[in-house]
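Participant: got a predicted model here, sequence first, then my questions.
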Amino acid sequence: MKRNIFLISAIVLILSSTSSLNAAEFEDFGDIDRMWDGQESVTNKEFEEVMDALQSNQKKKEEKQRKKLIKKISGGGTSLHDGLEPDSEIQEIPALKPDTEGQLLNIPVSILIDGVPLEKGFYNVIGKREENGKVTLSFYQSEFFKGKVNAIETTDDFGEETLNFVKLLPETGSKIKIIFGSLDFNAYVYLPFQAEYYK
């Protein structure tokens, strides 16, 4: 029986202490309606100024990290070549355009085009792909058309370093070889020449 009385008194004591503790905690929330009374309101302009300041700090940090990365990659020095410094912007490469003006060729002999002699001299050679798919080379002096030959298209670039080129190569016998290169195609043609003019 003593045991039961002791147990009941302990339970009553525990319940009374927790209820007084909970009541004290709820009294702290009594002023919750007046909690914002001392606060100042922030205008949109002030908010935007703070956001701009935070964003500028972020941009400065990103730029600093970028420069640090560039310095790490390039060693921090300047380049010996113009336009390759770490801070310079890479310029866009212009698009390649087909050559419509042709290439200048010096022909030191009289060549025959369809049996008609083409006198020695400087000629502007223009390569063109015809509608039927064949490749032709046209010879001009100044604005005057002097002749046209069918050429053989090839994938060989003849060891040339430039994209647009035209050259005359001597061949054995009574023929010469003209090689032509452009953005569109590479071609060559063998043409006979008049031997008395060849030196």
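Facilitator: Right, received. Where do you want to start? Numbers count the residues shown, from 1 in each chain.

Participant: for the top strand by length along the chain, C-alpha coordinates in PDB please.
Facilitator: In the chain, taking DSSP state E as the definition, the longest strand is strand 144-154. The C-alpha atoms that make up strand 144-154 are tabulated as PDB, following Å, rounded to 0.1, in the frame of the first residue of the first chain:
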ATOM      1  CA  PHE A 144      39.000  39.500-122.800                       C
ATOM      2  CA  PHE A 145      38.200  35.800-123.000                       C
ATOM      3  CA  LYS A 146      41.000  33.900-124.700                       C
ATOM      4  CA  GLY A 147      40.100  30.200-124.300                       C
ATOM      5  CA  LYS A 148      38.500  27.400-122.300                       C
ATOM      6  CA  VAL A 149      39.600  23.800-121.700                       C
ATOM      7  CA  ASN A 150      38.100  20.800-119.900                       C
ATOM      8  CA  ALA A 151      40.100  19.800-116.900                       C
ATOM      9  CA  ILE A 152      40.300  16.600-114.900                       C
ATOM     10  CA  GLU A 153      39.100  16.900-111.300                       C
ATOM     11  CA  THR A 154      41.200  15.400-108.600                       C
END
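
Participant: what is that strand packed up against?
Facilitator: Counting contacts by 3 or more C-beta pairs under 8 Å, 6 or more residues apart in numbering; DSSP states H and E, strand 144-154 packs against strand 111-113, strand 116-118, strand 135-141, strand 186-192. For the C-beta atoms, the positions are set from N, CA and C on the backbone; glycine is no exception.

Participant: okay, the angle between it and strand 186-192?
Facilitator: 120 degrees (axes from the mean of the first three to the mean of the last three C-alpha atoms, to 10 degrees).

Participant: what's the first helix or strand after the helix or strand bottoming out on mean pLDDT in the chain?
Facilitator: In the chain, no helix or strand scores lower on mean pLDDT, DSSP states H and E than helix 2-28, which sits at a mean of 66. Following helix 2-28 in sequence order, the next helix or strand is helix 44-74 (DSSP states H and E).

Participant: so for that following helix, mean pLDDT?
Facilitator: Computed over helix 44-74, the mean pLDDT rounds to 84.
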